[in-house]
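**Student:** Test case, fold it:
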Amino acid sequence: MIIVLKKGADPKQVDSLVKWLKDRHITPNISTGERETLIGCIGDVAKMDIGLVQALSVVESVQRIQEPYKAANRKFHPDDSVIDCAGAKIGGGNFQVIAGPCSVESVEQMTGIAKRVKAAGATLLRGGAFKPRTSPYSFQGLGKRGLDILLEAKREAGLPVVTELMSIEHLPLFNDVDVIQIGARNMQNFDLLKEVGSMTKKPILLKRGMSATLQELLMSAEYIMASGNPNVMLCERGIRTFETATRNTIDLTVIPVLKRLSHLPVIVDPSHSTGYAQLVEPCAMGATVMGADGLIIEVHNDPPHALCDGVQSQTPEMFEDTMKRINAIRPLAWRRG
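**Tutor:** This is a model prediction of the structure:
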């Protein structure tokens, strides 16, 4: 339920309304926009007397919300959320590019790539230390040693870092990680989502599951937000279809659709979406023009010998060219009216 307050509403009366809601075990979320102030009510509002609320002198109108997601719903939060990732802001017109290898392999590899992607214009560094793989025989990442290397590259290059969390038991190791990624395979690991919601306020990059609907993605974001962490970014990384020419099928329609449904930033991963380095640039450009708030691109200094996903990794030279093209078309990007 949403309560729209009148312009110039008496702050004392608004405070009384908020206390009244809390006394009824309703969580009020106040959102002050350019045109109006809303109170989003989360909880069991079915038995609430809407007429009683509507009659209050500070209330303009009361609206029931049919969608199951509340905190992630744009109706609760009309203005775009802006997520601060250690100084790199994403959302609300702020666009950032996250780049780096699929997996951390060595100090030389990570620091070298970090410096190259930063010089090309990337503002955050990615690198996997814990890798969820389809096959138990595939490279699973370097674990804690990989995190240490990633953080060394962070210090060398001066870039905030993004890396995947697979188990809440590893969270203490992530103290110096700037953005926590929840991968596609864990999008509906609800226990993990609740834990990262309650145990940290770090920005969360939530990847869409390979067969997930947008409502399922938003409900996963809701788990994190309802547990106490509002700093969620949604990531389209391709979905599974009948098509076999690409690793996954990139769904760029999610950008305008999610921006209509939610206030959360939308990031696109053209590397996992396509599975081929030569397809990353055109899909990255397409996502940029369609209004994505950022991109996450895999870059490796020696793709043929990468321990993970070399086929879809750009070389630093390819990434430099992609960044030039992205920067050239950014002024043409679609904006929600």
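**Student:** Next, work out how far apart the residue nearest the centre of the chain and Gly33 are.
**Tutor:** Per C-alpha atoms, centre = their mean, the C-alpha nearest to the average position across the chain is that of Met233, at 1.8 Å. Here the distance between Met233 and Gly33 works out to 20 Å (C-beta to C-beta, to the nearest Å). Glycine gets a C-beta too; all of them are placed from N, C-alpha and C.
**Student:** now Met285
**Tutor:** The gap separating Met285 from Gly33 is 32 Å, by C-beta to C-beta.
**Student:** Compare those two (neighbour count), which wins?
**Tutor:** Met285 (18 against 10; other C-beta atoms under 10 Å).
**Student:** OK, contacts around that one?
**Tutor:** Residues counted as contacts of Met285 (C-beta atoms under 8 Å, 6 or more residues apart in numbering) are 322, 325-326, 329.
**Student:** Whichever of these end up buried, select them in ChimeraX.
**Tutor:** In ChimeraX, this line selects whichever of the contacts of Met285 come out buried by 16 or more other C-beta atoms under 10 Å:
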select :322,326
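**Student:** any idea of the mean pLDDT for whichever helix or strand Glu195 is part of?
**Tutor:** Using DSSP states H and E, Glu195 sits within helix 190-199. Helix 190-199 carries an average pLDDT of 97.
**Student:** Mind checking what helix or strand follows it in sequence?
**Tutor:** strand 204-207.
**Student:** Which strands and helices lie in contact with that following strand?
**Tutor:** strand 179-182, helix 214-226, strand 232-236 (3 or more C-beta pairs under 8 Å, 6 or more residues apart in numbering; DSSP states H and E).
**Student:** Output it as CSV, nothing but the C-alphas.
**Tutor:** Taking Å, rounded to 0.1, in the frame of the first residue of the first chain, the C-alpha atoms of strand 204-207 are listed here in CSV:
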residue,chain,number,x,y,z
ILE,A,204,24.7,-6.1,-4.2
LEU,A,205,24.9,-6.9,-8.0
LEU,A,206,22.1,-9.4,-8.4
LYS,A,207,22.3,-11.4,-11.6
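**Student:** Excluding covalently adjacent residues, which one is nearest to Arg145?
**Tutor:** Ala129 (7.7 Å; C-beta to C-beta, 6 or more residues apart in numbering).
**Student:** And for the one you found, the neighbour number?
**Tutor:** By the criterion of other C-beta under 10 Å, Ala129 has 26 neighbours.
**Student:** same thing with Val82?
**Tutor:** Val82 sits with 15 neighbouring residues when counted by other C-beta under 10 Å.
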